[in-house]
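> build me a structure from this.
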Amino acid sequence: MAASATPTPAPQWPTSEILLLEAMALESEVARLVAARGTLALFKDAELAGAGQLLVECWQEGGDPGAVIESLNPALASRLTATLLGSESRTESNPQKIAEDCVARIHSRAARRRRQEIAEELRQAEHSGDEKRSQEKLASLNALLRRAGGTP
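Residues are numbered from 1 along each chain as shown. Have a look, this model is predicted:
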């Protein structure tokens, strides 16, 4: 009796990251925006960040993003190929606007994560009685909150 093959579930990539890659595959302007803002360094998914870097380099060298996509893992290549062919794409109507929104979300997520890290470091410093370190962490946290538009 032959065993039935269980289909492999599609990867669960961060939405903003995959949408940004779709937009990068469609337009060189988006790849330039992503490179200029340093957004790839903030990706949660290292594989998507690597694919993004390949797309940036491809556009910078005047290459064909289709060739880059073919070199990616099959699930990611399939997703981006569908975008290039105009099916299943949420980015084709206005890739630049979607890219700007995704970049903003990714940067916001990274800033929130950094604030959480500093808040935890502050709690640890307070717990250990390290007054100097507590004051430094509190000042850092307040500065991040001011930049984010929150109140210290």
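> backbone dihedrals for the most centrally placed residue in the chain, please?
Most central residue of the chain, judged by C-alpha distance to the mean C-alpha position with C-alpha atoms, centre = their mean, is F43 at 3.3 Å. Its backbone dihedrals place F43 at phi -60, psi 140, with angles given as degrees, to the nearest 10.
> how many neighbouring residues does G63 have?
By the criterion of other C-beta atoms under 10 Å, G63 has 13 neighbours. In short, each C-beta sits where N, CA and C put it, glycine included.
> ok, and the closest non-adjacent residue to it?
For G63, the nearest residue in space outside its immediate sequence neighbours is E57; the separation is 7.9 Å by C-beta to C-beta, 6 or more residues apart in numbering.
> so which strand or helix has the one you found?
helix 46-60 (DSSP states H and E).
> for stretch 64-79, which outside residues touch it?
For stretch 64-79, contacts defined as C-beta atoms under 8 Å, 6 or more residues apart in numbering pick out 10-11, 13, 18, 21-22, 24-25, 47-48, 51, 54-55, 58-59, 80-81, 84, 88.
> taking the residues you listed, please make a ChimeraX selection of just the buried ones.
Once 16 or more other C-beta atoms under 10 Å is used to decide burial, the buried members of these can be selected in ChimeraX as follows:
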select :13,18,21,22,24,25,48,51,54,55,58,59,80,81
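> counting contacts, what elements does the longest helix along the chain pack onto?
Taking DSSP state H as the criterion, the chain has its longest helix at helix 95-128. Contact partners of helix 95-128 among helices and strands, from 3 or more C-beta pairs under 8 Å, 6 or more residues apart in numbering; DSSP states H and E: helix 15-26, helix 28-37, helix 131-147.
> if anything else comes up later, I'll come back, but that's it for now.
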